[in-house]
Each structure stands twice: as C-alpha cells, then as structure tokens.
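> Using only what follows, build the 3D model:
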Amino acid sequence: MIHPIPSGTRDALPDEMRELRLVTNALREGFEAHGYGEVYTPALEYEEVLARADMADAAPAYRVLDETGASLALRSDMTVPIARLVSTRYPDAPGPLRFCYLAHCYRRVRPQRGQSRELLQAGIELIGAPAPDGTVEALTVLCHTLDRAGLKDYRVGLGDASLFAALMAGLQVPESSRPRLLEALQRRDFVTLERIASETGLDADAVRRLVEVPQLRGGEEVLDHARGAVADAVAGMKEVRDGLPVDVADRVIFDLGLVRGIGYYTGAVFEVYEPAQGAPLGGGGRYDELLGRFGRPLPAVGFAIGVERLHIALAGEERGTGAMLA
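Presented below is the predicted three-dimensional model:
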C-alpha cells in the first residue's frame with residue numbers, strides 16, 4: 001500500500017540523517033564560535049503577528065484555528081518570530097543581540113516545480129548593529145560558517161534592496177508599472193523587464209539604463225559604473241566591501257540586480273551560490289524597519305542557509321574530489 005505524504009514534503013532516512021547531523025553540527029559550531037546563542041520559537045505563530053511583515057513571496061503554507069477561533073500559521077521563516085521574541089523577551093536589553101537557530105519553516109510553493117514546502121534552515125539574526133559594520137559581521141559569519149561546514153566553491157552575491165527602487169524613482173517610472181518591473185527583475189527575466197519598460201513611455205535612454213544597470217555583476221569594477229539615482233545604494237555596498245576581511249571579500253560578487261522577494265529587506269541583500277546548484281543555497285540582508293513594527297525599532301541583519309541544499313552541494317563537491325563526508 002502507498003500512503004501519501006503532503007506535497008512539497010519528504011521523508012529522510014537514517015543514512016541521510018547522519019549526514020545532515022554532521023552538517024547541522026558544523027553550522028551550529030560556526031554560529032556559536034562568533035558569539036551567537038541558539039533560540040527556538042514555536043512552529044505556530046498567530047497570523048496577525050506574521051502579518052506585520054511583508055511576506056508575499058514567503059507566505060505561510062498551513063493555517064489552523066485554535067480552540068478560541070484565533071488564526072494560527074506555521075512559521076514561514078525565523079526572522080519574524082525572532083523579531084517578535086526580541087520585542088517581548090528583550091524589550092530593554094542593550095544591543096547588539098546575537099541569535100542563531102536551526103528550525104523547520106513552511107512556505108506556500110508550487111509543488112509541481114519540485115519546490116519544498118518544509119524547509120530546514122540554519123541562520124543568524126544580528127539585532128541592533130547598523131550598517132555597514134553589522135552587514136560586514138553577518139557576511140563574515142556566513143562565509144566562516146560555510147568554510148567550517150566544508151563548502152569550497154561557493155560565492156556570495158551582494159546587492160542592495162533599495163537600488164532598483166531608487167533607479168525607477170530617478171528615471172520617473174510610473175508608479176503603476178513599478179511592481180511589474182520588480183517582479184520581472186526577481187525572475188531575472190530581462191526580456192520582460194525591457195518590454196514593460198518600453199511600454200511605460202520612457203525615452204530610449206531611460207529604458208536602456210533601466211535594463212542595463214541591474215545586469216551589472218562582477219568584481220569591484222562594477223561599483224564604478226553605477227552613478228546617479230543608485231549612488232547611495234552603491235556607496236553603501238562600497239562601505240561593506242571596505243570592511244570585509246580579505247578571505248570574505250574574495251568570495252563576494254557585486255550584483256546590482258539582486259533583489260529578494262521578501263518585502264522587509266531595506267538595504268544590503270545577499271545570496272550564496274554554488275556552481276553545480278541551480279538555486280541559491282541561502283541568503284539574507286538588512287531589515288532595519290521590521291523590529292519597529294513589533295515595538296522596538298532597531299537596525300538588524302540576518303541570513304538563512306537551506307540545510308538540505310547545502311548538504312546536496314557538499315555531497316556534489318565530495319564526489320568531484322573523491323573525498324568522503326566524515
């Protein structure tokens with residue numbers, strides 16, 4: 001007999017679990033080595049709490065009603081629950097506060113595309129550390145922890161969530177067209193982006209700039225080609241670059257078109273890439289306005305690593321080198 005499980009979920013058997021345990025132990029050790037304390041929050045949160053964040057692209061997968069009729073949802077990330085935790089359990093604690101976690105999150109996806117609803121994530125939240133120093137610390141923890149886990153060929157794309165919005169405003173893109181342009185950029189669909197831009201009535205130079213700037217990607221030289229409306233965002237990226245340790249800076253790729261779907265990001269955003277993987281292994285960024293929605297305005301930055309994707313990447317690198325996970 002075949003007893004199905006919910007779409008977008010899967011079973012993990014003993015051999016895989018032993019390997020996943022090695023990966024999670026290395027991640028936890030990496031976080032703790034940088035002074036991050038592990039927290040855990042309820043898998044269920046009141047939906048009104050989760051609604052304080054703009055989670056359109058990371059919407060909860062499952063909702064239930066409790067005995068009082070209140071609407072609950074399985075958390076779709078750990079950033080929002082930790083923002084709630086800070087406001088309730090650390091209302092007067094001096095910053096910066098450093099938290100790490102290993103937890104399952106649940107997201108609404110399209111299972112027919114092979115995406116997971118249930119995600120095992122490992123990450124940190126650095127609360128009360130402004131840019132650029134807080135961003136530098138988060139990127140340093142990210143790279144040093146991936147190094148500890150044994151990943152070798154990864155790179156970190158670094159962008160700014162405010163850059164494309166500033167570019168559209170500077171070019172006077174009609175407000176009605178901006179969401180569609182941003183959606184096309186999130187998909188990295190530059191053909192559609194150019195088509196929509198051409199339909200806005202902008203002149204040819206504005207359309208060209210709207211399409212070309214977010215395609216700038218590479219080393220430090222990329223930052224020298226971005227001026228005008230995006231100057232502030234690029235200046236912030238330069239400040240981060242100047243503060244990074246050499247071993248971390250060598251991993252960074254500057255990407256002026258990098259945007260992340262979760263709406264609470266306000267500044268620097270980043271993603272982890274591994275050459276053999278078709279999707280980022282994880283990512284994060286600054287969310288300097290989110291804590292204020294919970295009553296304690298503080299700058300913040302964090303990231304999450306997909307543990308199962310990292311495991312696949314590690315296994316692929318080991319097959320390539322003949323090494324064994326041990």
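> Okay, now the unreliable bits of the stretch 51-200 of the chain?
55-58, 110-114 (pLDDT under 70).
> switch to 80 and redo it
54-61, 109-115 (pLDDT under 80).
> the strands in it, which residues?
63-65, 71-74, 97-106, 118-127, 155-160 (DSSP state E, counting those that start in this stretch).
> Mind giving me the packing neighbours of the last one?
With contacts defined as 3 or more Cβ pairs under 8 Å, 6 or more residues apart in numbering; DSSP states H and E, the packing partners of strand 155-160 are helix 133-149, helix 231-243, strand 252-255, strand 268-273. The way it works is simple: take the backbone N, C-alpha and C, and place the C-beta from them, glycine included.
> Which residue ranges of this structure form helices?
Secondary structure of the chain (DSSP state H): helices located at 14-33, 47-50, 79-89, 133-149, 163-170, 178-186, 190-198, 204-212, 231-243, 246-249, 307-321.
> Identify whichever of the ones you listed lies nearest to Pro6.
helix 307-321 (16.4 Å; Cβ to Cβ).
> for Asp288, what are its contacts?
Neighbouring residues of Asp288 by Cβ atoms under 8 Å, 6 or more residues apart in numbering: 130-131, 266-267, 299-300.
> From Ala304, how far off is it?
18 Å (Cβ to Cβ, to the nearest Å).
> before we move on, the earlier item: now render the helices and strands packed on strand 155-160 as CSV, adding distance to Ala51 and mean neighbour count.
Shown next, in CSV, are the helices and strands packed on strand 155-160 (distance: least, Cβ to Cβ, whole Å; neighbours: other Cβ atoms under 10 Å):
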stretch, distance to Ala51, mean neighbour count
helix 133-149, 26, 22
helix 231-243, 28, 17
strand 252-255, 30, 21
strand 268-273, 22, 24
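> nearest to Ala70, of those?
Set against Ala70 and scored by Cβ to Cβ, the helices and strands packed on strand 155-160 come closest in strand 268-273, at 33.3 Å.
> now the closest one against helix 163-170, angle please.
With axes from the mean of the first three to the mean of the last three Cα atoms, to 10 degrees defining the directions, strand 268-273 sits at 130 degrees from helix 163-170.
> pLDDT (mean, whole number) over strand 268-273?
For strand 268-273, the mean pLDDT works out to 97.
> Can you give the strand pairings for it, parallel or anti for each?
Paired with strand 268-273 in the same sheet, following DSSP bridges, are strand 155-160 (antiparallel), strand 282-286 (antiparallel).
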